[in-house]
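Colleague: what shape does this take:
(2 chains)
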Amino acid sequence: MRKIHDFHGGVHPPENKHQSVRTAIANAGVPEELVLPLSQHIGAAAQPVVGVGDKVLKGQLLAAATGFVSVPVHAPTSGTVSAIEDRLIAHPSGHSAPCIVLASDGMDQWQDCVATADYRSVDRVALLDQIRSAGVAGMGGAGFPTAVKLAVKPEKHIQTLILNGTECEPYITADDIIMRERASRIIEGAQILAYLVEPDEIVIGIEDNKPESIAALQAAAQDTPVEIAVFPTKYPSGGEKQLIEILTGKQVPSGGLPADIGVVCQNVGSAIAVRDAIIEGKPLISRVVTVTGDAVAEPQNFEALIGTSMSYLLQKAGYQPEKNQRLIMGGPMMGFTVPDPNVPIVKTTNCILAPAATELPAPPPAQPCIRCGMCAEVCPASLLPQQLFWFAQGKEFEKAEQHNLFDCIECGACSYACPSNIPLVQYYRAAKAEVIQMREDAEKSEHSRLRFEARQARKEREEAEKEAKRAARKKAAQEKARLAAEQGEAGEDPIQAAIERAKAKKAAQVAGSGAEGGSELEKLEKAVVTIRKRLETASAKFEAAKAEGAEHVDALKLGVDKTSAKLAAAEKALHDWQQANPAANSELPSAAEPADAAQAAIQKAMAARAQDAARSPQEKAQDNLQKLESRLTKSEARLQQSRAANEEEKIIIALESTVERLREKVAAAKAELQDKETC
Amino acid sequence: MYELIAQYPLLAALFALVSLGAVFGAILGYAAVRFKAEGNPIVDQINAILPQTQCGQCGHPGCRPYAEAIAAGEAINKCPPGGQAGVQALADLLDVEAPTLDEEHGEEKVPHVAYIHEDDCIGCTKCIQACPVDAILGAAKHMHTVIASECTGCDLCVDPCPVDCIEMIPEHETVQTWHWQLPDPNSRRVDIIASDATAEEAA
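Modeller: Numbering: from 1, shown residues only, chains lettered A, B, ... in the order given. This next block holds a predicted model:
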């Protein structure tokens, strides 16, 4: 016989279990509509793999697990997916959550199940996969994925595998009834679990208020290594940590897992689900739910499909809504009020409690804490509930955390014991949520800070790069300017030099064109004027000397003669030049201005035309004839030269034709002249 | 040695004190160099309390500049995203009286997340440049979108948008984000007997 330990605290609330175990498990049947929340467990929500309108068979996968800590959802019956939408679910928040809605076709037709009767021949990892894909989550109430719990790290040796058949919470009999009716399946499940975790011992823990279950399990466990441990009834001995302490005497360290002390704990309902998943290949699509409370006429346990509406089960149990003041999912200690009777049952729904108003009256108003210490006496986790209450009320969440707030299992024993009716558990739940929120906020703010700083750093870097580029450009420009300046010092700016050269050239041209006519003329004129002056002076001296009768008269006469000869020469030169440059002579002032040749040519032509116009037609004809005759003579001479020199035939022919044309023209000109002379 | 001390007690005492002072002075001097604190540690502590939304509602370009300003003596009640709880935390840290949140800089409100109406977005990138935490994704002339998990709800992207396609949406509570609230302390008074209630009110 195993040594039974005790744990600290605990309470003995009225059990109220007898009402619902009077009859056997009833099959609730198939309702018309099933609502399957995608998140029925702890962990990530499942992801739908079917679409609206899809026909599905019983046991078919509807939503796949989305991570390690996640479980899939299967079709509890055959039918059509009528919607995938947010529906109200059983949650204390009263919020809606995404659900798959399945319209039953009434056939309840199974898909093909892959059964593994001889599980010992299959690899453990494959079995775990099978459990995972069957969607088994803890059936005790928390809903932790069973496969995750069973995937013990190889370095951790499991001494004890515990099956939890305690069911310490008042009213609930779902585990009790399956232990009575399905004991052999539980033992089979226990052996599969034992194969998976290889423990030294297998223990099923049961409170002594369930004698029928104890008897049934003991009968089923004969000739198996499964041990049935019975211990005194006390709330909350069904808590995982408390049960481990009762059966092994060891405490799970704060913040640790049972596997840390070599224990794995599973609910008896989970054991059956595992057994069905392996031996029959059936996924978890139904569970046993206790429907009880004074507001139902026939409290009993139902085998109900997951997704069945609570009101459907209540109806079957003879629900009297007028008696009922609230509907609770779970037990009176740890359950919560559901927002609406039409919410679906999920994998963790072990009980629907519909108490009459007198049965579970609304809690009386809370009174101030009198520090009586009753809560500390009953706390199964050996905490200081009143201290935690003060911290939570004063919002000193850090201090509450330091007082091991997170070791609280929210069993409600303290609230039950509190003479001031303070809703202590609600304070702890709020404080826990607040602390978690603060942690998340701190994490998020740290993340934001890092991103902000990374952005600042990036902007600074970009700015620095821009600045560097700008500086490089500036430096290059300065360098260029410096080089140019150096060149300028050596030989001036080439452009400037070129401009100046051009200017000088133009100026020279302008000056030159004028000087050709101007400067020569000026020189000559100047010479004439100078010599004339000298002659005058010399003549005056000569006259004066002659009058005086001086000795040097002869010399003076010679000088006067010489000067007059020079003057004559100068005048002649001037005259000659003027003869040679009539244009320059006639238009002396303007000669410097119309510098270019074109203008000069135009002026020449104009002058020639003016001369032409002045002559008579007869003279013109005469002139023309003379010119033609001279051209003819020249051409004839050229032709004869060519003939004599035996030049090329082509040239000679060309010259002959020219001579011929000129002869014709001369003849024409002669005729014209004769015409003009006659008239 | 003993005789010397006995002979000149005053000098001996003086010498002892001076040498002690020199030794400890040297130790302190070494420690000051060896364990020199980098930066201003109080700024880091203040910055850790600020919510890092980088919204600039306090009038500073980001949370750290405000932390520096607080360290330099600025008022601690200018951070609406931090709320009264943030003011309280700062007051606790700095050991000062906690003032109420300065409404001039904005009201405390539920966390918001920016949402870009993608049909209206013209891809101008102005909001991307405004976002202090790089939570907006997009390229020029391409639609932009907000990475909701990175958004601090600072509001800074709303003003630069030339087509007003950015909306601040309050984060709505889901089953996952919901959590228990502390029991309403006033609910205690609901059923209190009349004499108690009046006594409490009178007091």
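Colleague: for whichever strand or helix holds residue A:203, give the mean pLDDT please.
Modeller: Counting by DSSP states H and E, the element that carries residue A:203 is strand A:201-207. Mean per-residue pLDDT for strand A:201-207: 94.
Colleague: what secondary structure does residue A:82 sit in?
Modeller: Recorded secondary structure, residue A:82: strand (DSSP: H, G, I helix; E, B strand; the rest coil).
Colleague: list the contacts of the residue nearest to the spatial centre of chain A.
Modeller: Residue closest to the average C-alpha location in chain A (C-alpha atoms, centre = their mean): residue A:451, at 13.4 Å. Listed by C-beta atoms under 8 Å, 6 or more residues apart in numbering or on different chains, the contact partners of residue A:451 are B:133-135, B:150. Every C-beta, even on glycine, is put in place using the N, C-alpha and C of the backbone.
Colleague: hmm, who's touching the strand holding residue A:203?
Modeller: Strand A:201-207 has contacts (C-beta under 8 Å, 6+ apart) with A:2, A:159-168, A:179, A:186, A:190-191, A:193-194, A:213-214, A:217, A:221, A:225-234, A:237-238, A:243, A:246-247, A:268.
Colleague: tell me the first helix or strand C-terminal of that strand.
Modeller: Taking DSSP H and E, what comes next after strand A:201-207 is helix A:211-220.
Colleague: which ones are touching residue 60?
Modeller: By default, I'm working from chain A. By C-beta under 8 Å, 6+ apart, the contact list for residue A:60 reads A:50, A:74-75, A:111.
Colleague: oops, I was thinking of chain B
Modeller: B:66, B:69.
Colleague: which pLDDT value goes with it?
Modeller: pLDDT at residue B:60 comes out at 89.
Colleague: how big is the angle separating the strand holding residue A:203 from helix A:211-220?
Modeller: 160 degrees (axes from the mean of the first three to the mean of the last three C-alpha atoms, to 10 degrees).
Colleague: return the distance of strand A:201-207 from the chain's centre.
Modeller: 55 Å (C-alpha atoms, centre = their mean, to the nearest Å).
Colleague: same check, this time on stretch A:662-679
Modeller: Relative to its chain's centre, stretch A:662-679 lies at 105 Å (C-alpha atoms, centre = their mean).
Colleague: buried residues, that stretch. List them.
Modeller: A:662, A:665-666, A:669, A:672-673 (16 or more other C-beta atoms under 10 Å in any protein chain shown).
Colleague: need these in JSON lines (columns: distance to residue A:527, pLDDT and secondary structure).
Modeller: Converted to JSON lines, those look like this (distance: C-beta to C-beta, whole Å; pLDDT from 0 to 100; DSSP: H, G, I helix; E, B strand; the rest coil):
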{"residue": "A:662", "distance to residue A:527": "49", "pLDDT": "85", "secondary structure": "helix"}
{"residue": "A:665", "distance to residue A:527": "50", "pLDDT": "84", "secondary structure": "helix"}
{"residue": "A:666", "distance to residue A:527": "49", "pLDDT": "85", "secondary structure": "helix"}
{"residue": "A:669", "distance to residue A:527": "48", "pLDDT": "82", "secondary structure": "helix"}
{"residue": "A:672", "distance to residue A:527": "51", "pLDDT": "78", "secondary structure": "helix"}
{"residue": "A:673", "distance to residue A:527": "49", "pLDDT": "80", "secondary structure": "helix"}
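Colleague: tell me which residues touch residue 74, please.
Modeller: In the absence of a named chain, chain A is used. Contacts for residue A:74 were tallied using C-beta under 8 Å, 6+ apart; they are A:59-62, A:134-135, A:283-285.
Colleague: hmm, I had chain B in mind actually
Modeller: By C-beta under 8 Å, 6+ apart, the neighbours of residue B:74 are residue B:66.
Colleague: ranges for the strands of chain B?
Modeller: B:112-116, B:136-137, B:145-146, B:166-170 (DSSP state E).
Colleague: could you export stretch A:426-443 as CSV, CA atoms only?
Modeller: Presented in CSV, the C-alpha positions along stretch A:426-443 are these (Å, rounded to 0.1, in the frame of the first residue of the first chain):
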residue,chain,number,x,y,z
GLN,A,426,-10.7,37.7,-9.0
TYR,A,427,-8.1,40.0,-7.5
TYR,A,428,-5.4,37.5,-8.2
ARG,A,429,-6.6,36.8,-11.7
ALA,A,430,-6.7,40.6,-12.4
ALA,A,431,-3.2,41.0,-10.8
LYS,A,432,-1.8,38.2,-12.9
ALA,A,433,-3.3,39.6,-16.1
GLU,A,434,-1.9,43.0,-15.1
VAL,A,435,1.6,41.7,-14.6
ILE,A,436,1.5,39.8,-17.8
GLN,A,437,0.2,42.9,-19.6
MET,A,438,3.0,44.9,-18.0
ARG,A,439,5.6,42.4,-19.2
GLU,A,440,4.2,42.5,-22.7
ASP,A,441,4.1,46.3,-22.6
ALA,A,442,7.7,46.4,-21.4
GLU,A,443,8.7,44.0,-24.1
